[in-house]
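In: based on what follows, work out the 3D shape:
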Amino acid sequence: MSSLLHMADCLVSAGHTSMALHAYDSAENIATSAKDPHLQSLVASSAAEFQERLGNFGEALRLYQEALHMDSASSPDLEATDLIGYAQLLRAHHLDTMAYACLLRAQQMVGRNQAAPEFSVVDKNLKNIEAESPTAELAAVRRDPNAALSQALSLNK
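Out: Numbers count the residues shown, from 1 in each chain. Just a heads-up that it's a prediction; the model follows:
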């Protein structure tokens, strides 16, 4: 599976978008046939990054949400990583309070483990949002992060 996803990434880099899309579709078919939520999540998040690069916000949104749904059943570590990717997608579209909620959840999952590779990414992104966003909005998210997270995970465009 990782080879197929790597090949898809190489095809994207080489500008072969339609072939890359076919590779992602093939990976999705394999993961679905295997009925492995971990593999399905990996494929969905990789495809989400691809769709984001193509400027397909709605499809990237859907795929990240699919990955996060799979993660909740299979892999907390992968969920934290996908929350970070999803937050970056939301930030790119000026949805900072929802991104903030995703990052707070990722921070909760990573905990105080400063050795975790996600720790510095989460910390940096939280600080960036805190420096750029209205304090009252972020305070509301901090008071009830689950409401903002729920809103972020049900967003569709």
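In: show me the helices in this structure, by range?
Out: Applying DSSP state H to the chain gives helices spanning 2-13, 17-34, 37-54, 57-74, 76-92, 96-110, 117-132, 135-143, 145-153.
In: format the ones you listed as CSV; extra columns: mean pLDDT and mean neighbour count.
Out: No exception for glycine: its C-beta is placed from N, CA and C like everyone else's. Output for the helices of the chain, formatted as CSV (pLDDT from 0 to 100; neighbours: other CB atoms under 10 Å):
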stretch, mean pLDDT, mean neighbour count
helix 2-13, 86, 15
helix 17-34, 90, 16
helix 37-54, 92, 22
helix 57-74, 92, 20
helix 76-92, 92, 21
helix 96-110, 93, 23
helix 117-132, 90, 15
helix 135-143, 93, 13
helix 145-153, 94, 17
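In: contacts only, for the residue nearest to residue 91 when sequence neighbours are not counted.
Out: Spatial nearest neighbour of residue 91, excluding adjacent residues (CB to CB, 6 or more residues apart in numbering): residue 99 at 4.4 Å. Contacts for residue 99 (CB atoms under 8 Å, 6 or more residues apart in numbering) come out as 86, 87, 88, 90, 91, 125, 129, 152.
In: for the closest residue to the first one other than its chain neighbours, what are its contacts?
Out: Once its chain neighbours are removed from consideration, residue 86 has its nearest residue in residue 64; the separation is 4.2 Å (CB to CB, 6+ apart). The neighbourhood of residue 64, defined by CB under 8 Å, 6+ apart, consists of 44, 45, 48, 82, 85, 86, 89.
In: from those, which single one is nearest residue 120?
Out: Of all the contacts of residue 64, the one sitting nearest residue 120 is residue 85; the distance, using CB to CB, is 15.3 Å.
In: from what I see, that closest one and residue 45 are in contact.
Out: Yes. Between residue 85 and residue 45 there is a contact at 6.1 Å, judged by CB atoms under 8 Å.
In: could you check how far residue 141 is from residue 32?
Out: With the distance defined as CB to CB, to the nearest Å, residue 141 ends up 34 Å from residue 32.
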